[in-house]
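A.B. asks: sequence unknown, structure follows:
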Ligand SMILES: O=P(O)(O)OC[C@H]1O[C@H](O[C@H]2O[C@H](CO)[C@@H](O)[C@H](O)[C@H]2O)[C@H](O)[C@@H](O)[C@@H]1O
């Protein structure tokens, strides 16, 4: 029997809330230094992200792409800590704003969306959209495209009606994701679409089961470098998933060689491997990008205690080795 009137045993202490996931640390020194610079002085750093495949999951119908759940919230959490934040996309800027749900989000009042690989610009602060006049070759290509696709031999079946994305009359994307054999259709179309584009002064931008005919003279590397210069940032993080993002990766590599800190993030997929080979961090698609953005915000809002260790990069303390 127990002792009469004994005090009840103390309640067990509640389990502490699990620590938020730490920021992963890149292996390569340049990436480690870039991440450390961003975390040490986020107010001097900028973050730029691709849309499809990075902030939005890849889906068969381009019109049905949407930002991955949690994207606007994660961007809005991080943006106020940064000098600036941007989305750089092959989409028309207004389309990315609509599909991403980026307009009117508290915290994203200074978001910049650079569309058409940087040829278009939308500023959340003003709602203004700046777009160049359409390239005259686009109208000619629209007229010739059905014949070229017919002659390619892959232009049949039910996917035909949904394969061509008109992109506001400023580019034309031919998608093969819904073809019976998507990779074969992509390869069969590449040469005739390249010839068609060249005849009218355009270039072909290959992507994830898409061949985009678009005006030359701008790419994501030029767009990113110009925007970073405009912001005067001391550090830049860029995240992308597709071949069109390689130019932005090259721009970050150039910035690094000129003294600006940089971090390259690949939103990983089995469809494109080229970025993973050059990235400092590879995350698991848009879901992993959201986790990374939140981990960065967690770290900035609640910096972990500096561990005693000579190898920890300044500002990245507490990140997972
Ligand atoms: O620069 P991005 O934001 O990555 O845009 C590049 C192209 O992405 C889109 O196509 C890709 O996403 C589609 C929707 O998930 C998918 O169906 C397609 O297979 C992908 O290639 C977009 O439709 C293109 O216009 C963009 O150029």
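C.D. replies: Received it, and whenever you're ready, just let me know what you need. What you see is a predicted model; the values in this text were computed from it and never measured.
A.B. asks: for residue 139, helix, strand, or coil?
C.D. replies: Look at residue 139: counting by DSSP: H, G, I helix; E, B strand; the rest coil, its state is helix.
A.B. asks: pLDDT score for it?
C.D. replies: At residue 139, the pLDDT value in this model is 95.
A.B. asks: burial check on the residue nearest to it when sequence neighbours are not counted, number of neighbours?
C.D. replies: Once flanking residues are discounted, residue 139 sits nearest to residue 169: 7.9 Å by C-beta to C-beta, 6 or more residues apart in numbering. Just so you know, the C-beta spots here come from the backbone N, C-alpha and C atoms, and that holds for glycine as well. Using other C-beta atoms under 10 Å, residue 169 has 12 neighbouring residues.
A.B. asks: just to check, residue 169 is in contact with residue 136?
C.D. replies: No - between residue 169 and residue 136 no contact is recorded; they are 11.1 Å apart, counting by C-beta atoms under 8 Å.
A.B. asks: distance of the residue nearest to residue 50 when sequence neighbours are not counted from residue 275?
C.D. replies: For residue 50, ignoring the flanking residues on the chain, the nearest one in space by C-beta to C-beta, 6+ apart is residue 240 at 3.9 Å. Using C-beta to C-beta, to the nearest Å, residue 240 is found at 6 Å from residue 275.
A.B. asks: so which bits of this structure are right by the ligand?
C.D. replies: Neighbours of the ligand within the chain, by C-beta under 6 Å from any ligand atom: 50-53, 58-60, 62, 65, 89-91, 165, 167, 173, 175, 177, 207-210, 212, 242, 244.
A.B. asks: if any of those are buried, give me the PyMOL selection for them.
C.D. replies: PyMOL command restricting these to the buried ones, with burial defined by 16 or more other C-beta atoms under 10 Å:
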select buried, resi 50+51+52+53+58+62+65+89+90+91+165+167+173+175+177+207+208+209+210+212+242+244
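A.B. asks: need phi/psi at the closest residue to residue 241 other than its chain neighbours.
C.D. replies: Once flanking residues are discounted, residue 241 sits nearest to residue 53: 3.5 Å by C-beta to C-beta, 6+ apart. Backbone torsions of residue 53, given as degrees, to the nearest 10, read phi 90, psi -10.
A.B. asks: who does the helix or strand of the chain at the bottom of the mean pLDDT ranking touch, helix- and strand-wise?
C.D. replies: None of the helices or strands of the chain scores lower by mean pLDDT, DSSP states H and E than helix 160-163, at a mean of 77. Here helix 160-163 touches strand 172-175, going by 3 or more C-beta pairs under 8 Å, 6 or more residues apart in numbering; DSSP states H and E.
A.B. asks: my read: residue 227 touches residue 113, true?
C.D. replies: No - counting by C-beta under 8 Å, residue 227 sits too far from residue 113 to count as a contact (10.9 Å).
A.B. asks: who touches both of those two?
C.D. replies: Residues touching both residue 227 and residue 113 (C-beta atoms under 8 Å, 6 or more residues apart in numbering): residue 86.
A.B. asks: more neighbours: these two, which one.
C.D. replies: Shown here are residue 227 and residue 113; by other C-beta under 10 Å, residue 113 has more neighbours (26 against 21).
A.B. asks: thought that one was touching residue 122?
C.D. replies: Yes - at 4.3 Å, residue 113 counts as touching residue 122 under the criterion of C-beta under 8 Å.
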